[in-house]
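Chemist: this one's structure only:
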Ligand SMILES: NC(=O)c1ccc[n+]([C@@H]2O[C@H](COP(=O)([O-])OP(=O)(O)OC[C@H]3O[C@@H](n4cnc5c(N)ncnc54)[C@H](OP(=O)(O)O)[C@@H]3O)[C@@H](O)[C@H]2O)c1
């Protein structure tokens, strides 16, 4: 039996721990968590997660230690758990902007480390995760385990660390772009007389249905779009407006701006 422990069970740590307990609990894994405000553990306890009353005892108990506190707290937490770290532990950080190099410095090179970047749909079990498996101290079984854990929560891909900013600009920030598109379409729905709730529900189903269709079909996205546009019909009239406004170019510019800002922040 392997133990996965999470330090910091807030939005993201709680979602990851709860998701893992739901997907892998009793399948060779047990889960524990430690967080500053004990009440936040309540929904996790219902999923079979055990509460541990300190970061160090958690790190002593767990084989895999997930760090899910705010980035500026990572150094202090790793300092606190140093006595528990060793070659047999696997340390995984989801803190934005904290590099493998810094994680290795904080942990005095005592254990293998993985850097992971989730996005917010992880909160509902549909996240996209990038993991960086470049630490030379990682053994094959560490890499397999990190990939297996996050794959149980959504889509997980292994990326070189130099691609993390691009991933953050596209996928980490991505829900904001999607929500903005959803907001505009819901507003159009209200303009056409649907209630706010109806518009939101319809647009939500529109996005999840379209994403599912695009995921199943091999055609290029432009072909899927054209399949909706009957000649002389209503859809092409709407699509023409989007083309004139340059929606695709705007989206490219948005992601490039986020990427540029991310690179600036790393300096
Ligand atoms: N949310 C996202 O979209 C997102 C995306 C990518 C990466 N991340 C990364 O995920 C990490 C967590 O973010 P979040 O949004 O989940 O923040 P959050 O909701 O504030 O969660 C952080 C949790 O850590 C707890 N905590 C603080 N200090 C602690 C300590 N000394 N010991 C134990 N627990 C402690 C906090 O306790 P309290 O409840 O008492 O405050 C809180 O529950 C960050 O490093 C962030 O960069 C988040």
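Modeler: Perfect, I can see it now. No experiment lies behind these values; they were computed from the predicted model shown.

Chemist: up against the ligand, what does this protein have?
Modeler: 7-13, 34-37, 40, 55, 68-71, 73, 77, 94-96, 117-118, 120, 172 (CB under 6 Å from any ligand atom). Where C-beta positions appear, they are placed from N, C-alpha and C, glycine not excepted.

Chemist: if we use 8 Å, what do you get?
Modeler: 7-15, 34-37, 40, 55, 67-71, 73-74, 76-77, 80, 93-98, 117-120, 122-123, 168, 172 (CB under 8 Å from any ligand atom).

Chemist: among these, which are in strands?
Modeler: Counted as lying in strands by DSSP state E, out of the residues of the chain next to the ligand, are 7, 34, 67, 93, 117.

Chemist: when you check the residues of the chain next to the ligand against the helices, which ones overlap?
Modeler: Of the residues of the chain next to the ligand, the ones assigned to helices by DSSP state H are 11, 12, 13, 14, 15, 55, 74, 76, 77, 80.

Chemist: could these be laid out in a markdown table, adding neighbour count?
Modeler: Formatted as a markdown table, these follow (neighbours: other CB atoms under 10 Å):
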| residue | neighbour count |
| --- | --- |
| 11 | 13 |
| 12 | 22 |
| 13 | 22 |
| 14 | 21 |
| 15 | 22 |
| 55 | 24 |
| 74 | 23 |
| 76 | 11 |
| 77 | 22 |
| 80 | 14 |
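
Chemist: any chance of those in CSV, plus pLDDT and distance to residue 247?
Modeler: As requested, those are arranged in CSV below (pLDDT from 0 to 100; distance: CB to CB, whole Å):
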residue, pLDDT, distance to residue 247
11, 91, 30
12, 93, 30
13, 95, 36
14, 94, 35
15, 92, 31
55, 97, 46
74, 97, 38
76, 98, 45
77, 98, 43
80, 98, 48
